[in-house]
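>>> Build me a structure from this.
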Amino acid sequence: MSATDYNTSIVFVSRNPVPKTIYNDPGAVPGLGPEYRTVPVGGKLLVRKEDGSIRTLAGSDRLYDVADPCVSWDATMIVISGLEHPDSNWRIYQINADGSRFEQLTFTDRSLDLSQFGAAAGFLTRYDDFDPCYLPDGRIVFASTRYPSIASYNQLLTSNLFVVDANGNGIKRITTERNGGEEPAIDPISGRIVYARWWVNRDRPSNETRHGLSRTDNQALTDDVANIWQAVTIRPDGTELKLYAGFPRTRFGTQTYKPSLLYDGRLLSVFSPHSAMVPTVGGTGIRWFNKGADFEHYVVGVRSDESLRQIAIIEAPYATDPVQLAGETILFSYSADGNDYGVYSCKLDGSDLQKVIDLPGTHELDVQVLQPRPVPPIIKDEFPAPLSDLPPTEDPDTYYKNNTFRFDCMNIYANGAVDEPMPNAPRITTNARIRFYMNVQRQNPYYPDPSIFLKEAEVSVMGGVHEDDVPADVPLFEQVVDGKGNVLETSDGKFAHATGMNFERMGAGAKCVGCHAGHSMITVPVNKSLAEWFNVSPSAVVSASSFFTSEKGETYGPQRVVDRQARTGGDTVAWVANEGAGAFVQLRWEIPVEVKQFVIYGVKQNPQKGTTIKVDDCTIVLYYGSLEVGRIASTGTISENGTSISISPTDIDAARIIINDITGTVNELSMAALAEVETVARISKLNYTLSPGK
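This is a model prediction of the structure:
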């Protein structure tokens, strides 16, 4: 089914191109990215009817420019952002779907004393409202720069999300972003808001400075500042911030602007190799993700190729502004040459590309289907609006102007599931501490923001952090250090340092597990006791009786059994011995753990490559202090989907998995192999006595 034969109307905007005399970016599209989200170019709101005819709903008689249409759930109204003339500011308007009852919902009525910003105050006097979207209860969520703040890059105003009643009353802010939050959409399954968030932090982890931060290369442990847009989700009152979807093993893997949700909860994502979309967009493409940590699925336009990062302008075709039409068919804006965008349709696999409408000389953007949709669940607000609409300053008396929230990381060491594509949590240790920092608006608009060390708190021996007096509605970030004050590392070389900034509403509570990219997508256990148990294998030092090296020099070393990959890479994620039965791998932990279960994964079968191995039996030997403290004599056959072996909880610091019997081959060679060893355990309570001061 394509848009050309689908019996429905669509609504879209037809806008002039971004003037090349002002912006030297051939990939620039009005409304796309922080540089162009509010650029005035002139445009109108149009409807394409079922018979293919075009009708103007809002033209120059009503507005100079128009953007961001969203259709109400019953398809009777459309909310838009509009500009009355080129030198005014964007505001939110509403119009009936038949073109009647055109009304303005937001106005230039903010009243704030900006004197606390000093020289930066002049940058903050004007503000724009844009990106409106209907909530399931009929209210409207929109993005705005009316909360006074300048982002970390390019003197761009910070965007945040606000909610307003359908009659224009009761505006309240629901996010407190340091850099940007815009392009809200609604998850049709949960009713939560999904929006694009600018995830960036100039402060990098350091072991050489007093409070563990540095902005200079010779002191910082990494050059990673993130600087990407991601799709995150919150409740309509602004609480429970989480990453919605993406591939968090890489920065490109979670880059998303203009998120759009399919009826089944899958995420349509606009991608740009210039992940912050500043100062240029460079070109865009569309991909989709299943909800949660997922591998990307390319659709159309620019591909997410890391090699394109340094190229100023990526070659067309470009694609943006996706929305579901029906089933596996989407509508979107498409440009074959980078100069003119029209509305097109295609399947989610990129096939059946068809033009719907392309007016000469203008960009057709922000397409929406003009038909009723099922109303998602209504989530009632539990928390009120912030007390203050001014951010804190460097004065400590202002830090808690919006009261506090409770911070609960149930277990900083918790890992994602095997084959779930997210990085590892930090290695387990004792005497860990967590540092809280906040970032406040600078007074010099051209100078980096000041970052303030708030406090350092204890991480419990079992990995929990429970702080009930953290400042609410301010941009915060955290870092975890060991007993010597060094930033904790993971087995894959990452650091336990928040590369972006987060917030939580006053009176609310933030609950999570893990301390790594993508951790907020992990389901939080229902209580602290359950959260203590997790896969401790990535914290182990792994050795083996032997390992195989191919003729091409690729080693199939023992560390592969703790990489949390078993079925996603065939034998490329497996340990392969240089021998048959009798081969073993051994996991050793620097501190004791209490184990209750092992899950062992066999190598995924690939007969075409000569990989038919089956491990018919293993023995697991448990050690503590070099002494054997337990033994599972026989595991039985090991499945490639995981064979679970439960035991009575036992304190150990090492485990050896011995392969007793195999059949088949790996790459046509008769050698022992395993894909993964998952160790379900918690940090042993023996560490209370081993840790000074505990």
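
>>> What's the separation between the most centrally placed residue in the chain and Tyr263?
Most central residue of the chain, judged by C-alpha distance to the mean C-alpha position with C-alpha atoms, centre = their mean, is Leu243 at 3.9 Å. Leu243 is 21 Å from Tyr263, where distance means C-beta to C-beta, to the nearest Å. Heads up, the C-betas are built off the backbone N, CA and C, glycines and all.

>>> again with Ala119
49 Å.

>>> Over to Trp199?
From Trp199 to Tyr263 the distance is 27 Å (C-beta to C-beta).

>>> Looking at those two, which one has more neighbours?
For Trp199 against Tyr263, the residue with the higher neighbour count under other C-beta atoms under 10 Å is Trp199, and the figures read 28 against 13.

>>> Regarding the more buried one, what is its secondary structure?
When the structure is split into helix, strand and coil by DSSP: H, G, I helix; E, B strand; the rest coil, Trp199 lands in strand.

>>> That one and Gln230 touch, don't they?
Yes. Between Trp199 and Gln230 there is a contact under C-beta atoms under 8 Å: 5.1 Å.

>>> now the longest strand seen in the chain: how far from the chain's centre is it?
In the chain, ranked by residue count with DSSP state E as the criterion, the top strand is strand 643-663. Averaging C-alpha positions (C-alpha atoms, centre = their mean, to the nearest Å) puts strand 643-663 35 Å from its chain's average.

>>> Phe162: how many residues sit nearby?
Applying other C-beta under 10 Å, we find 24 residues neighbouring Phe162.

>>> Same question for Val194.
Under the neighbour criterion other C-beta under 10 Å, Val194 is assigned a count of 26.

>>> what does the one 4 residues further on give?
When neighbours are counted by other C-beta under 10 Å, Trp198 registers 29.

>>> Equivalent analysis for Thr108, please.
Burial of Thr108 is recorded as 11 neighbouring residues (other C-beta under 10 Å).

>>> so what's the nearest residue to it once chain neighbours are set aside up against?
Leaving out its chain neighbours, the residue that sits closest to Thr108 by C-beta to C-beta, 6 or more residues apart in numbering is Asn89, at 6.4 Å. Residues touching Asn89, when contacts are defined by C-beta atoms under 8 Å, 6 or more residues apart in numbering, comprise 38, 83, 108, 126-129.

>>> Neighbour-wise, give me the winner out of the residues you listed.
The member of the contacts of Asn89 that has the most neighbours, counting by other C-beta under 10 Å, is Asp129 with 27 neighbours.

>>> give the contact list for it.
With contact taken as C-beta under 8 Å, 6+ apart, Asp129 is in contact with 81, 89-92, 106, 142-144, 146, 162.

>>> any chance of these in CSV, with distance to Lys49 too?
Converted to CSV, the contacts of Asp129 look like this (distance: C-beta to C-beta, whole Å):
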residue, distance to Lys49
Ser81, 24
Asn89, 32
Trp90, 28
Arg91, 28
Ile92, 26
Thr106, 30
Phe142, 27
Ala143, 30
Ser144, 33
Arg146, 36
Phe162, 33
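
>>> And the residues you listed, which is closest to Pro426?
Distance ranking of those against Pro426, using C-beta to C-beta, places Ala143 first at 34.2 Å.
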